[in-house]
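In: Following is a predicted model, sequence given first.
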Amino acid sequence: PIEPPSTTIVDLLTITPQTENKALLLAALKETHIDNKNLQGRLVHAQASNLLNEMYCKKVQVELASKENKKKKKGLGKLMGDGLPRMLSGDEFYQKVVERTEQQQ
């Protein structure tokens, strides 16, 4: 969490300078205080952006894993996908069944 400025800095910003040197120092302090506030705003924005990116990456990672698993299951396809008749007791068919079983495991 970003800490609020200390009360001494806030008190210093409201004083009335007595000399020109003190006026310059007070102006520099005010400018630095404004720059610090701007940087804090950018930091909050960057943290929020990082959080949203992290959530999105997790979501996409889960979707990709699901898609890959689905593709892996679907990718096995048909054993004899050309639509031609086969003799199911032949050695060639038996060998394809054995290979397919190994792929599934």
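Out: Right, received. Where do you want to start? Computed from a prediction, not measured in an experiment: that's the story for all the values here.
In: Which element is encountered next along the chain beyond the lengthiest helix in the chain?
Out: In the chain, assigned by DSSP state H, the helix with the most residues is helix 20-74. Proceeding N to C from helix 20-74, the next assigned helix or strand is helix 91-104, under DSSP states H and E.
In: Just give me how far that next one sits from the chain centre.
Out: 42 Å (Cα atoms, centre = their mean, to the nearest Å).
In: now do stretch 35-54
Out: With Cα atoms, centre = their mean, you get 15 Å for stretch 35-54.
In: same thing with stretch 22-40?
Out: 35 Å.
In: Pull out the buried positions in that stretch.
Out: L26 (16 or more other Cβ atoms under 10 Å). Where you see a C-beta, it was placed from the backbone N, CA and C, and this is true even at glycine.
In: Can you read off the pLDDT for the spatially most central residue of the chain?
Out: Residue closest to the mean C-alpha point of the chain, counted by Cα atoms, centre = their mean, is E54 at 2.5 Å. Looking at E54, its pLDDT stands at 97.
In: State the distance from it to A48.
Out: 11 Å (Cβ to Cβ, to the nearest Å).
In: where does the chain have its least confident helix or strand?
Out: helix 7-13 (a mean of 75; mean pLDDT, DSSP states H and E).
In: Return the list of helices and strands in contact with it.
Out: helix 20-74 (3 or more Cβ pairs under 8 Å, 6 or more residues apart in numbering; DSSP states H and E).
In: name the helices or strands packed onto the helix it packs on?
Out: Taking 3+ Cβ pairs under 8 Å, 6+ apart as the contact cut, helix 20-74 packs with helix 7-13.
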